[in-house]
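Q: Whatever this is, show me its structure:
(one chain, ligands or ions: 1)
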Amino acid sequence: MKSKLLFSLGALVLIAIVGYGIYDHRHLRQENLLLGENMKAASTSLAELENRNVVLEGQLQSAEDTLTSFGAQVSDLTGTVGTLKKLSETDQELLKKYSKVYFLNENYIPSGLSEIDQKYVYTKGKVLEIHTKVKPHLESLIDAANSTGLNLLVISAYRSFGTQSSLKSSYKVTYGAGTANSFSADQGYSEHQLGTAVDFTTPKVGDTFSGFSKAPEYQWLVNNAYRYGFILSYPEGNTYYTFEPWHWRFVGTALALMLHNENRRFYDLDQREIDKYLVTIFD
Ligand SMILES: [Zn+2]
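A: Sure, this is the predicted structure:
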């Protein structure tokens with residue numbers, strides 16, 4: 001009797017436990033499902049947030065790109081304005097090609113002239129002037145040449161329109177009648193009036209210029225003058241003027257370098273091609 005009661009009680013307890021277990025399992029499953037849904041919702045929100053972040057980053061980048069491009073445009077514009085201003089202040093004649101039919105106006109005077117140091121002058125005591133901005137380039141060139149044991153000197157530099165007449169006799173050049181014709185005989189004259197051309201010599205060659213093309217100083221100039229912005233205006237075998245190995249013109253280092261590297265001649269270039277170098281002539 002007692003054992004029957006105990007069994008019934010045991011069965012009842014077991015049923016209760018199983019019942020609770022089933023209930024608890026269901027409850028847990030529901031909670032689990034709910035949690036799963038919540039997590040799903042949360043990860044969806046996260047993905048949405050990430051998407052929005054990507055979009056925002058994209059917008060930010062595009063805004064930054066716009067700013068950068070705008071900045072570059074402003075900088076370009078500033079550069080262009082600077083270049084135009086510099087160009088407007090640069091003497092247009094400095095890189096002109098002169099010929100027997102196109103020469104410098106007789107009233108032309110360089111913007112600034114400076115005396116060449118006497119140690120570079122062939123005729124001691126004679127005042128020789130050169131374009132002020134060309135002077136440091138010329139002196140660097142002569143210093144470089146003479147530091148190698150050579151003896152390069154300047155015999156002629158800037159010549160005003162007026163001084164040309166007194167040189168006529170000393171150069172023993174026969175001129176025709178009339179102002180224009182008389183000066184067209186010396187094509188290099190315009191370059192001297194510009195203040196950017198010089199005639200070189202050596203103590204050995206002297207003031208006759210003959211033999212300068214055989215002097216080591218001439219060879220040095222052929223190999224190195226471009227580094228200082230100087231070029232030979234009238235090279236050997238040119239079709240526009242007689243060979244003048246002593247006559248060198250300053251055209252700026254960029255143009256001189258291009259002519260040297262490409263083995264071209266100043267007077268063979270198109271004037272428009274030359275003019276591109278005008279703005280940087282004294283750089
Ligand atoms: Zn000359």
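Q: any weak-confidence spans in the protein?
A: The chain contains residues with pLDDT under 70 at 1-3, 5-7, 10-11, 13-23, 164-185.
Q: So which residues on it come close to the ion?
A: Residues of the chain lying close to the ion (CB under 5 Å from the ion) are G188, D199, H247. All C-beta atoms are positioned from the backbone trio N, CA, C, and that covers glycine.
Q: Which single residue of the protein ends up nearest the ion?
A: Per CB to the ion, H247 is where the chain lies closest to the ion, at 3.5 Å.
Q: Could you count how many residues lie near the residue nearest to that residue when sequence neighbours are not counted?
A: Closest residue in space to H247, ignoring its immediate chain neighbours: G188 at 5.0 Å, by CB to CB, 6 or more residues apart in numbering. For G188, the neighbour count with other CB atoms under 10 Å is 20.
Q: which stretches of the stretch 151-283 of the chain form strands?
A: Using DSSP state E, counting those that start in this stretch, the strands of the stretch 151-283 of the chain run over residues 153-156, 197-201, 230-232, 247-250.
Q: what's next to the shortest one, contact-wise?
A: Translated: strand 230-232. 137-138, 141, 198, 221-222, 225, 244-245, 247-251, 255-256, 259, 266 (CB atoms under 8 Å, 6 or more residues apart in numbering).
Q: which is the next helix or strand following the longest helix along the chain?
A: Ranked by number of residues, the top helix in the chain under DSSP state H is helix 2-88. Of the helices and strands lying after helix 2-88 in sequence (DSSP states H and E), the nearest is strand 113-115.
Q: Check the offset of that following strand from the chain's centre.
A: 28 Å (CA atoms, centre = their mean, to the nearest Å).
Q: Ok, stretch 116-128 next?
A: 34 Å.
Q: likewise stretch 195-210?
A: 33 Å.
Q: cool, and stretch 205-225?
A: 32 Å.
Q: Now the terminal residues of that stretch, how far apart.
A: 19 Å (CA to CA, to the nearest Å).
Q: Give the buried residues for that stretch.
A: Neighbour-count burial for stretch 205-225 flags V205, F209, F212, A215, E217, Y218, W220, L221, A225 (criterion: 16 or more other CB atoms under 10 Å).
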